[in-house]
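Undergrad: Sequence plus predicted model, see below.
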Amino acid sequence: MIYFDNAATTLHKPDCVMQAVVQAMTAFGGVGRGVHGASLAAGMAVFEAREALCQLLGAAGPDRVSFTSNVTESLNIALQGLLGPGDHVITTAASHNSVLRPLYLLEQRGVELTIVPVGPNGALDWEAYAQAFRSNTKLVAATHASNLTGDVYDVQRMAALAHEHGALVVVDAAQTAGVVPINMAEQRLDVVCFTGHKALYGPQGTGGLAVVPHVEIPPLKVGGSGTHSFDHEHPCAMPESLEAGTLNGHGISGLGAGVNFILETGVDVIAAHEQRLVEAFEAGVQGIPGVRVLGGGGCGRTGIVALNVGDEDAGRISDALNVEYGICTRAGAHCAPLMHEALGTATQGAVRFSFSYFNTEEEVRQAVQALQDIARCAGAPRPHKRKERT
């Protein structure tokens with residue numbers, strides 16, 4: 001099997017991640033729920049993960065990193081916590097539904113929403129962005145990179161203009177944390193939301209958000225915290241204020257190991273490897289008749305390439321890649337409806353190839369060959385028989 005669906009979940013993890021999870025499963029008690037060795041071991045692992053993420057993201061300190069179950073929860077905490085009736089929020093058509101749907105919900109509650117368009121190549125309309133600000137603009141929900149095309153957007157430039165208008169910046173870093181340098185202090189980002197199971201190589205069910213010290217977000221959920229049990233209110237200080245209930249110590253331990261692997265390897269080294277795979281893949285498919293690579297209008301690209309083959313339904317192409325060649329991709333709408341509308345692929349969908357540090361150039365070569373074969377037979381009925389690969 002060749003796995004090119006890393007933008008959804010990385011399949012191949014560093015060995016240290018699996019080792020950390022196994023050790024945690026056999027040794028951890030509840031995080032912050034006791035003073036015995038098993039509880040303290042869990043608490044220490046969680047603190048070390050906060051420290052690693054603080055270093056990776058350029059956050060103000062480990063106490064400004066709260067853990068959640070995924071980036072969707074992180075974005076809901078940030079957006080629902082910071083926006084209220086009468087506020088105006090700006091986002092872009094590159095946004096994932098994890099940004100759009102909370103904003104649509106808030107719109108029903110009296111929040112004003114502006115969605116800045118992107119062009120047919122995925123480029124952000126900077127003029128429309130500059131003109132979108134109003135006197136009541138409270139926040140910009142910025143997608144750092146499209147999960148469909150991999151186009152990276154200049155969040156530092158977005159933040160600079162937002163701060164000129166007194167607005168906060170919440171960044172969806174689901175596709176960039178671990179593969180694109182992020183420094184909250186230098187880029188002036190107020191909130192960075194991340195997920196563990198993609199380029200951070202952590203287990204599913206892990207994620208979080210890093211918040212600058214001058215921004216306080218009220219909790220989306222309240223309940224047990226392990227401290228101040230007689231208080232009627234949930235603790236008001238981060239990180240506990242955004243972490244109601246027992247944390248996923250086992251998963252966070254694996255996440256911390258994944259982040260440390262990235263820090264030791266180097267974000268630049270990982271990004272350079274994925275870029276080589278992207279360039280080799282794009283060069284290989286460029287001459288295939290009928291193949292159209294989507295996007296390319298950002299200020300860079302993560303390890304994602306989305307394409308279509310003629311007028312073929314994207315699901316049909318993805319299915320052929322899987323059944324006949326053992327190549328795993330993602331087809332469809334990718335929870336990015338506005339991006340598909342901008343690219344003109346709302347009906348056809350797209351086939352997304354997303355690469356990881358653990359993929360190889362030989363796997364890319366085989367994918368290019370498979371697309372050549374499929375494109376040659378496009379439009380004809382395809383037998384569902386797996387092709388032998390060498």
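TA: Thanks, I have it. Residues are numbered from 1 along each chain as shown.

Undergrad: Isn't Leu255 up against Gly205?
TA: No. When contacts are counted by C-beta atoms under 8 Å, Leu255 is not listed as touching Gly205 (9.5 Å). In short, each C-beta sits where N, CA and C put it, glycine included.

Undergrad: which one of these two has more residues nearby?
TA: Between Leu255 and Gly205, counted using other C-beta atoms under 10 Å, the more crowded position is Leu255 (32 against 17).

Undergrad: tell me which element the more buried one is part of?
TA: helix 249-265 (DSSP states H and E).

Undergrad: Now do the next helix or strand after that helix against helix 249-265, angle only.
TA: As assigned by DSSP H and E, the chain's next helix or strand after helix 249-265 is helix 267-285. Taking axes from the mean of the first three to the mean of the last three C-alpha atoms, to 10 degrees, one finds that helix 267-285 is oriented at 80 degrees with respect to helix 249-265.

Undergrad: Which parts of the stretch 151-300 of the chain are helices?
TA: 155-164, 184-187, 249-265, 267-285 (DSSP state H, counting those that start in this stretch).

Undergrad: ok, now how distant is the closest residue to Arg157 other than its chain neighbours from Met158?
TA: With sequence-adjacent residues excluded and distances taken as C-beta to C-beta, 6 or more residues apart in numbering, Arg157 is closest to Trp126, at 7.9 Å. Between Trp126 and Met158 the distance is 9 Å, computed by C-beta to C-beta, to the nearest Å.

Undergrad: Which one of the two is surrounded by more residues?
TA: A direct count of neighbours by other C-beta under 10 Å for Trp126 and Met158 places Met158 higher, at 26 against 13.

Undergrad: and Ala306, which of the three is it?
TA: Secondary structure, DSSP: H, G, I helix; E, B strand; the rest coil: Ala306 is strand.

Undergrad: List the beta-bridge partners for it.
TA: Arg352 (DSSP bridges).

Undergrad: Return the residues in contact with Leu242.
TA: Ser66, Thr68, Ile77, Leu209, Ile217, Pro219, Leu220 (C-beta atoms under 8 Å, 6 or more residues apart in numbering).

Undergrad: top of the residues you listed by neighbour count?
TA: Neighbour-wise, the contacts of Leu242 (other C-beta under 10 Å) top out at Leu209, 30 neighbours.

Undergrad: Name the nearest residue to that one, sequence neighbours excluded.
TA: Ser74 (4.2 Å).

Undergrad: how near is that neighbour to Phe67?
TA: For Ser74 relative to Phe67 (C-beta to C-beta), the value is 9 Å.

Undergrad: Find residues that contact each of Trp126 and Met158.
TA: Common neighbours of Trp126 and Met158 (C-beta under 8 Å, 6+ apart) do not exist.

Undergrad: residues bridging contact with Leu255 and Gly205, i.e. touching both?
TA: Listed as contacting both Leu255 and Gly205 by C-beta under 8 Å, 6+ apart are Gly196.

Undergrad: Local confidence estimate at the residue nearest to Gln156 when sequence neighbours are not counted?
TA: Leaving aside its sequence neighbours, Gln156 sits nearest to Gln187 (C-beta to C-beta, 6+ apart; 4.2 Å). With respect to pLDDT, Gln187 scores 98.

Undergrad: and the longest helix seen in the chain with helix 267-285, angle?
TA: Longest helix in the chain by number of residues, with DSSP state H as the criterion: helix 37-57. Inter-element angle recorded for helix 37-57 and helix 267-285: 60 degrees (by the same axes, to 10 degrees).

Undergrad: Can you give me the neighbour number for Tyr201?
TA: For Tyr201, the count of nearby residues is 27 (other C-beta under 10 Å).
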